[in-house]
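Peer 1: This is a predicted model, with the sequence first.
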Amino acid sequence: MSSTRSFLTDISRSFCAGEISATSRVQTALEKVAELNGPLGMFVATFSESALQQAADLDDRIRSGYAPGPLAGAVLGVKDIIQTREGPTKANSTTLEGGLSAQDAPAVAALRRAGAIVLGKTTTSEFAVGLPDAEMQAQLPRNPWRPQHWTGGSSAGSAGALAAGAVHCALGSDTGGSIRTPAAYCGVTGLKPTYGLVPTAGTIPLAHSLDHVGPMARSAYDTALLLDVLAPGPAESYTSSLSGDLTGLRVGFDRLQAAHTSAEAPELEQVFTSALAALEDRGAQLTPVELPYYHQLSTAAMVTLYSEALAYHRRSLSAQWQQYGTPTRLALASGVFYTGGDYRRAQEVRGLGAKLIHQLFHSVDVIVTPTAGTAAPRYEDLDSAMETRLGGSLGRVYTAYWNALGNPAVSVPMGFSSDRLPLGLQIIGRHFDERGVLRAADAFQQETDWHLHQPNGH
Amino acid sequence: MYNQSRHHSLVSSLLEAHSYPSSPSEVRLLASAYPTARRAADSLWQVEIDLEETR
């Protein structure tokens, strides 16, 4: 396996061969965190003692002939809404006194059993909603490509730590795009699996009918390797379906031109066109498609998100209003804009959308779109992003549509903006066809080298 | 259909009904977003759906 395709395989191989110990990997990661967490705000908590202990145990076991798991020696970051045994889970909020108890969520336990070492809790937007809050957060998540820019959210630290090289893999959650957006903005790979495929137990809910837990890594192959551990099944593994060959794969593409103008995203068209050509070079058959009810389904996702989030926070929001960060409490409070009828109607629109997308997937095998219409925004532009969100939209982020429908969707790096910030390609498949999605993503990464680029100095 | 002072007072009432101690500036911000959010939500009602077919 080429190290340009699977970094995790390389780590496991060198560990098993006795070339680099797990302890050495963790020490290197801790040095990175010590150097970069101040400027980049990747972690809200690190577990150096337990990570070094876990690494030492792995090193001892490999010396005694123990067969390590597929993730042996890989350093893992876990978003701070997912429980880990090392410390409490607080959703990057001061409202949860003591936080959720220290125990592993099933997804964390599975990765740990496979040999991954939990380095710490990565920064999330408070309760995975809203935007960064300079008043409440000691360290804002900053984009390793350019620290004046946001990482995207809400799995901000998971994407930032991957891009900065502080972890080898990460867990995120995605309710409206919270894995795919920061993956796109930070130039890494992030998968929102099919709704329900990866257990969300042990994760603080945002909106139960839209919440997904999923893997983030530097390549599609590594993402498939993580999914093999997170969602093992009776069928062939996800990695075994990655042939690199897309001959006969029918790829529908939607440029989503109705969602942005060329003036707003001047380089996007060119980068997206080049991405389509790379898929074609691997044998894919391209067909233009139009996503049905794009705006209405994106709105249905947001009405659902804010209604369900308000239901979850209803009482604590009134009791602890001042303890929530301003962007968080305003986002949650915007749930009062919607009626019970709106919520019900949103579910009906989701039902219609599911039927129409099912029909569309009769004529194509996967669909590709840009993940977002722009690269990572500057911090100084986030006020307008908040107004857009309170108005029930993610603006030029094209992810929530697929939360409404539950289809698997991955974001992979597809090039750069004119000011050298990463842009993401979103690849979507039929329900439970992660194999098709990851096959296309992996073939794309064998044809291109965008996933190998790293920010300067990292 | 939307009136600035009307929706400011409506949003203020909604927040009060939920016992959310929002500040005047927070009410203003939410009230300014309200018409856009309502227009988006109202667009859901423009979609023609045969509920029998989507079950």
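Peer 2: Cool, got the structure. Numbers count the residues shown, from 1 in each chain, chains lettered A, B, ... in the order given.
Peer 1: Just to be sure, residue A:213 is in a helix?
Peer 2: No - Residue A:213: not assigned to a helix; according to DSSP: H, G, I helix; E, B strand; the rest coil it is strand.
Peer 1: List phi and psi for the nearest residue to it once chain neighbours are set aside.
Peer 2: With Cβ to Cβ, 6 or more residues apart in numbering or on different chains as the criterion, residue A:213 has its nearest non-adjacent residue at 4.8 Å, and that residue is residue A:198. Where you see a C-beta, it was placed from the backbone N, CA and C, and this is true even at glycine. Per-residue torsions, residue A:198: phi -100, psi 130 (degrees, to the nearest 10).
Peer 1: Residue A:198: what's it in contact with?
Peer 2: A:107, A:212-214, A:227, A:230-231 (Cβ atoms under 8 Å, 6 or more residues apart in numbering or on different chains).
Peer 1: how about a cut-off of 10 Å?
Peer 2: A:106-107, A:110, A:171, A:173, A:191-192, A:212-215, A:226-227, A:230-231, A:434 (Cβ atoms under 10 Å, 6 or more residues apart in numbering or on different chains).
Peer 1: Any figure for the gap between it and residue A:235?
Peer 2: Applying Cβ to Cβ, to the nearest Å, the value for residue A:198 to residue A:235 is 16 Å.
Peer 1: Next: residue A:395.
Peer 2: Taking Cβ to Cβ, one finds residue A:395 at 38 Å from residue A:235.
Peer 1: Between those two, tell me which one has more neighbours.
Peer 2: Counted by other Cβ atoms under 10 Å in any protein chain shown, residue A:395 and residue A:235 do not tie: residue A:395 has more neighbours, with 18 against 10.
Peer 1: Could you pull up the residues touching that one?
Peer 2: A:259-260, A:264, A:372-374, A:377, A:384-385, A:387-389.
Peer 1: Please see if the lengthiest helix in chain B touches chain A.
Peer 2: Identified as the longest helix of chain B according to DSSP state H is helix B:24-44. Yes - residues of helix B:24-44 contacting chain A under Cβ under 10 Å from any Cβ of the partner chain: B:25-27, B:29-44.
Peer 1: wait, what's in contact with the closest residue to residue A:183 other than its chain neighbours?
Peer 2: Nearest non-adjacent residue to residue A:183, counting by Cβ to Cβ, 6+ apart: residue A:190, 3.0 Å away. Applying Cβ under 10 Å, 6+ apart, we find residue A:190 in contact with A:152, A:155, A:158-159, A:162, A:170, A:172, A:174, A:177-184, A:214-217, A:223, A:371, A:409-412, A:424.
Peer 1: pretty sure residue A:190 is in a strand, no?
Peer 2: Yes - judged by three-state DSSP, residue A:190 forms part of a strand.
Peer 1: Counting only helices, which of the contacts of residue A:190 make the cut?
Peer 2: Going by DSSP H, the helices hold A:158-159, A:162, A:180-184, A:223 from the contacts of residue A:190.
Peer 1: Going by distance to chain B, which of those wins?
Peer 2: When these are compared for distance to chain B (Cβ to the nearest Cβ), residue A:181 wins out at 19.3 Å.
Peer 1: Burial check on residue 11, number of neighbours?
Peer 2: No chain was given, so I picked chain A. Counted with other Cβ under 10 Å, residue A:11 comes out at 24.
Peer 1: right idea, wrong chain: chain B
Peer 2: 25.
Peer 1: Can you name the residues that contact it?
Peer 2: Contacts of residue B:11 (Cβ under 10 Å, 6+ apart): A:333-334, A:336-337, B:22, B:26-34, B:37.
Peer 1: Tell me where chain A has helices.
Peer 2: Going by DSSP H, chain A shows helices at A:7-16, A:22-40, A:48-63, A:106-113, A:156-164, A:180-186, A:220-230, A:268-281, A:294-319, A:326-333, A:340-360, A:382-390, A:400-405, A:434-447.
Peer 1: about what we covered before: which of the ones in helices among the contacts of residue A:190 are buried?
Peer 2: A:158-159, A:162, A:180-184, A:223 (16 or more other Cβ atoms under 10 Å in any protein chain shown).
Peer 1: Which two among those residues are spaced furthest apart?
Peer 2: Farthest apart among those by Cβ to Cβ are A:181 and A:223. That separation is 15.8 Å.
Peer 1: Would you mind listing where chain B has pLDDT under the threshold?
Peer 2: The model of chain B has pLDDT under 70 over residues B:1-2, B:53-55.
Peer 1: Put the buried members of the residues of helix B:24-44 next to chain A into a ChimeraX selection.
Peer 2: Entered in ChimeraX, the line below selects the buried ones among the residues of helix B:24-44 next to chain A, by 16+ other Cβ under 10 Å:
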select /B:26,27,29,30,31,32,33,34,35,36,37,38,40,41,43,44
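Peer 1: returning to that earlier point: okay if I get the helices of chain A as JSON lines plus mean pLDDT?
Peer 2: Formatted as JSON lines, the helices of chain A follow (pLDDT from 0 to 100):
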{"stretch": "helix A:7-16", "mean pLDDT": "94"}
{"stretch": "helix A:22-40", "mean pLDDT": "97"}
{"stretch": "helix A:48-63", "mean pLDDT": "95"}
{"stretch": "helix A:106-113", "mean pLDDT": "98"}
{"stretch": "helix A:156-164", "mean pLDDT": "98"}
{"stretch": "helix A:180-186", "mean pLDDT": "98"}
{"stretch": "helix A:220-230", "mean pLDDT": "98"}
{"stretch": "helix A:268-281", "mean pLDDT": "96"}
{"stretch": "helix A:294-319", "mean pLDDT": "97"}
{"stretch": "helix A:326-333", "mean pLDDT": "96"}
{"stretch": "helix A:340-360", "mean pLDDT": "97"}
{"stretch": "helix A:382-390", "mean pLDDT": "85"}
{"stretch": "helix A:400-405", "mean pLDDT": "98"}
{"stretch": "helix A:434-447", "mean pLDDT": "98"}
